[in-house]
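Visitor: Sequence and predicted structure below; questions after.
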Amino acid sequence: MTDMPISTAPARSLYAQDARTKKRNRAESRFRTYGMAAVATGIIALIVLLTSILGNGLSAFRQTYVSFPVELTAERLDPDGNRNPEEMAAVTTFGYLPILAESFAAHLEAEGIETEMGIREIAAMLSEEAPAQVRAMVLANPELVGTTIDAQILVGGRIDGYFKGRVTLDSAERDRNVTPEQLMLAQELADRGMMETRFNWEFITWPDASGSRPEAAGLGVAIIGSLYMMIVVLVLALPVGVAASIYLEEFAPKNRLTDLIEVNISNLAAVPSIVFGILGLAVFINFMNFNQSSPLVGGLVLTLMTLPTIIIATRASLRAVPPSIRQAALGLGASKMQSIFHHVLPLAMPGILTGTIIGLAQALGETAPLLLIGMVAFVREYPDFLSTHSNTFPLMGDGATALPVQVYSWTQRSDPAFVERASGAIIVLLVFLLMMNLIAIVLRRRFERRW
Amino acid sequence: MEGSNMNDMSQFDQGVAVDTIKMQSRGVNVFYGDTHAIKDVDVDIADKTVTAFIGPSGCGKSTFLRVLNRMNDTIDICRVTGKTTLEGEDIYDPKVDPVQLRAKVGMVFQKPNPFPKSIFDNVAYGPRIHGLSQNKSDLEDIVEKSLRRAALWDEVKDRLQAPGTGLSGGQQQRLCIARAVATSPEVLLMDEPCSALDPIATAQVEELIDELRTQYSVVIVTHSMQQAARVSQKTAFFHLGNLVEFDETDTIFTNPSDPRTESYITGRIG
């Protein structure tokens, strides 16, 4: 220990904050508050969005069905009696309508349910899609003719809406499509367990339905179309984009031309997507005569749109690989190509994959360019993607639609039940996007683990 | 300074082999765009000798080192004139593929830069791309020999599959030396190999350099004059892109003929 005296009473105490420090601290806490406010705004917006979509859309995954025995009378469905599906197909859905109506009315009577409604009004409770549903069943299995089957039949959108709270007895008074009596009958059927609202796989698998039968509208074609397009985009955009980036970043000389290319790639990434749609319309459909509404054309347009994103992301991640790795490889006598493929590319892989998946997700949600190439079509049949029928190309495929386009066309229809459908489609779209982001995260983790 | 450090300097002096010239440069100029980085340099690199390039920062010693294995080719704006030969063959001849040249003239960099792969794969990479091994056991032999030569074998033999980037700085640099040695080069260029290392690791690497001299001719760029004095037999002093003086290390440090050399080694410039 020394005997030196301890200096006391400092000129400026550490305990008291001077004006400058106070000002600085205030500025910092203000900044923090702004940051937290910004984050909170984002979270609130997200919550509102999700609540509204989930609130509106979850009910699309449930659908009301009524069960009753349907007597498939042979005289009506197969007048010649030889069970030949081709001849039976001559009976249209109009032939099935009375069968359903009569079976339904007969069943009500047998169950002792009394109603003042006529048979026409009773039958109106069923979906317009129901005869088609039964017809498809019969054509698939002609042996059913002449028997009585226990069928689950779709009910109309208004009745379904009653069980989901969208339609009430009050609103039915003012509604020309449904009467309070029908709703009360539906309630009675539900009480007796004959009518139930159950999980609706058909929403995922069925194709779209016309504007008057929202209860039968499904996302099947849209999902298939979107998947097909994503595959086209992945197969074309990833190799082309990565190859272009490697060339530009590692091999291309740095001169005016490459500068120009670089500027143009950045500009292309910022071009509104509808412009790509016009390009696709002009080049692929008008000039090259590809099928309208074909998901291949959609995929090509989305590929053009995604390429700049992938190129920019890939170049950024190639640039982020430390030059020492390249030098090490070159110094050992590796060729440029070896140094890139053995060392640089594996290190850049997480970034490339993230960029690609972000590009794909962007393409998945893109609507505008698809409208221009006719993918907003109403598609009733599952497309045959290998078909060559109309005019042109193999793999061209029949027309299809895509998830965001399906959302767009459903929101334009008048029946309020389509609000629920559109929100349901948004949920499916979001689930797809979440899955893709999840894949991106998993892939990034996997590749990064290789030190 | 000279008097007191003389013993240090000669600690590795195990008798210089016969002077066969391995690489020869005549009238080498290097331009970076408009900058004239190396001015008319003549150097002879003797076989089985450690040649040190010393000089202040930015004097062009690293640039000249990279002339010797054409690493400057990777810089777009860099232009090299003059003649440099390896065993009489002009390495800037249009017929020469720099990839083959670099297999013969290996390089170790300033900062340890192991590949983000296992220790084994780091060392095996060169032999693999040059097809130096017939089979797996051959390759394992090469890896073991290279790691032994780099005095790293005993420390890593039990964890050859561990990542090379997980080693300490000095170990990483020795791994890089093993990696360079594995391709059996004839000349080994080292660009300030110890500048990122602590004194103990530096000592190990220096010992290693002296060991390597029995097989290769080694060219080392260094900031540390003591290091040049300790490990090299020949020393070249660069200043502002000129080769000021090139002579036996002893002569450079005890009896330099150019006043600039004397100023530098006594600490007045640089």
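Guide: Received, thanks. Numbers count the residues shown, from 1 in each chain, chains lettered A, B, ... in the order given.
Visitor: only C-alpha atoms for contact and neighbour calcs from this point on.
Guide: Noted.
Visitor: which SS class is whatever residue of the stretch 151-300 of chain A ends up closest to chain B?
Guide: Using Cα to the nearest Cα, the closest approach of the stretch 151-300 of chain A to chain B is made by A:Pro253 at 7.6 Å. State at A:Pro253, reduced to three classes by DSSP: H, G, I helix; E, B strand; the rest coil: coil.
Visitor: Any chance of the backbone angles for it?
Guide: Dihedral angles of A:Pro253 (phi, psi; degrees, to the nearest 10) stand at phi -70, psi 150.
Visitor: That one: neighbouring residues, count only.
Guide: 13 (other Cα atoms under 10 Å in any protein chain shown).
Visitor: Just give the closest residue to it, not the sequence neighbours.
Guide: B:Asp76 (7.6 Å; Cα to Cα, 6 or more residues apart in numbering or on different chains).
Visitor: That neighbour - how many residues pack around it?
Guide: Neighbours of B:Asp76 (other Cα under 10 Å): 11.
Visitor: Then B:Glu87?
Guide: Neighbours around B:Glu87, by other Cα under 10 Å: 13.
Visitor: A:Lys164 too?
Guide: 16.
Visitor: quick one: it and A:Ser59 touch, right?
Guide: Yes. Using Cα atoms under 8 Å, A:Lys164 is in contact with A:Ser59, at 7.0 Å.
Visitor: which other helices and strands contact the longest strand anywhere in chain A?
Guide: Counting by DSSP state E, the longest strand found in chain A is strand A:62-71. Applying 3 or more Cα pairs under 8 Å, 6 or more residues apart in numbering or on different chains; DSSP states H and E, one finds that strand A:62-71 makes contact with helix A:93-110, strand A:148-154, helix A:157-163, strand A:195-199.
Visitor: Next, the residues that contact it from outside, please.
Guide: A:99-100, A:103-104, A:107, A:146-155, A:159-160, A:163, A:194-200, A:215 (Cα atoms under 8 Å, 6 or more residues apart in numbering or on different chains).
Visitor: B:Asp42: what secondary structure?
Guide: Following three-state DSSP, B:Asp42 is assigned to strand.
Visitor: Then the one 10 residues further on?
Guide: Using three-state DSSP, the structure places B:Ala52 in strand.
Visitor: Show the model's pLDDT score for it.
Guide: For B:Ala52, the model assigns a pLDDT of 92.
Visitor: how about the residue in chain A that chain B sits nearest to, what does it touch?
Guide: Minimum separation of chain A from chain B (Cα to the nearest Cα) falls at A:Gly333, amounting to 4.6 Å. Going by Cα under 8 Å, 6+ apart, A:Gly333 touches B:Pro98, B:Val99, B:Gln100, B:Leu101, B:Arg102, B:Ala103, B:Gly106, B:Gly126.
Visitor: What sits closest to A:Arg319 if chain neighbours are left out?
Guide: A:Glu249 is the one closest to A:Arg319 (Cα to Cα, 6+ apart), at 7.5 Å.
Visitor: Quick check: the one you found is in a helix.
Guide: Yes. Per three-state DSSP, A:Glu249 lies within a helix segment.
Visitor: Give me the below-cutoff pLDDT ranges for chain B.
Guide: B:1-19, B:269-270 (pLDDT under 70).
Visitor: change it to 50
Guide: Where chain B drops to pLDDT under 50, the residues are B:1-17.
Visitor: go on, chain A?
Guide: Where chain A drops to pLDDT under 50, the residues are A:391-392, A:451.
Visitor: Which residues of it lie near chain B?
Guide: A:253, A:324-325, A:328, A:330-335, A:343, A:450-451 (Cα under 8 Å from any Cα of the partner chain).
Visitor: Kindly recompute the last result at 6 Å.
Guide: Within reach of chain B by Cα under 6 Å from any Cα of the partner chain, chain A has these residues: A:Gly331, A:Leu332, A:Gly333, A:Ser335, A:Trp451.
Visitor: tell me the contacts of the residue of chain B positioned farthest from its centre?
Guide: Note on chain B: the largest C-alpha distance from the chain mean falls to B:Asn135, namely 30.2 Å (Cα atoms, centre = their mean). The contact partners of B:Asn135, by Cα atoms under 6 Å, 6 or more residues apart in numbering or on different chains, come to none.
Visitor: ok, it to chain A distance?
Guide: Distance of B:Asn135 to chain A, computed by Cα to the nearest Cα, to the nearest Å: 20 Å.
Visitor: all helices of chain B, in order?
Guide: Here chain B has its helices, by DSSP state H, at B:2-9, B:61-67, B:98-104, B:119-130, B:136-149, B:153-156, B:169-182, B:199-212, B:225-231, B:249-254, B:259-265.
Visitor: now those helices in TSV, with mean neighbour count?
Guide: Formatted as TSV, the helices of chain B follow (neighbours: other Cα atoms under 10 Å in any protein chain shown):
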stretch	mean neighbour count
helix B:2-9	13
helix B:61-67	23
helix B:98-104	22
helix B:119-130	22
helix B:136-149	18
helix B:153-156	15
helix B:169-182	27
helix B:199-212	18
helix B:225-231	21
helix B:249-254	19
helix B:259-265	17
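Visitor: export these to JSON lines and tack on distance to A:Val70?
Guide: Conversion of the helices of chain B to JSON lines gives the following (distance: least, Cα to Cα, whole Å):
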{"stretch": "helix B:2-9", "distance to A:Val70": "107"}
{"stretch": "helix B:61-67", "distance to A:Val70": "89"}
{"stretch": "helix B:98-104", "distance to A:Val70": "81"}
{"stretch": "helix B:119-130", "distance to A:Val70": "72"}
{"stretch": "helix B:136-149", "distance to A:Val70": "74"}
{"stretch": "helix B:153-156", "distance to A:Val70": "79"}
{"stretch": "helix B:169-182", "distance to A:Val70": "80"}
{"stretch": "helix B:199-212", "distance to A:Val70": "90"}
{"stretch": "helix B:225-231", "distance to A:Val70": "99"}
{"stretch": "helix B:249-254", "distance to A:Val70": "107"}
{"stretch": "helix B:259-265", "distance to A:Val70": "106"}
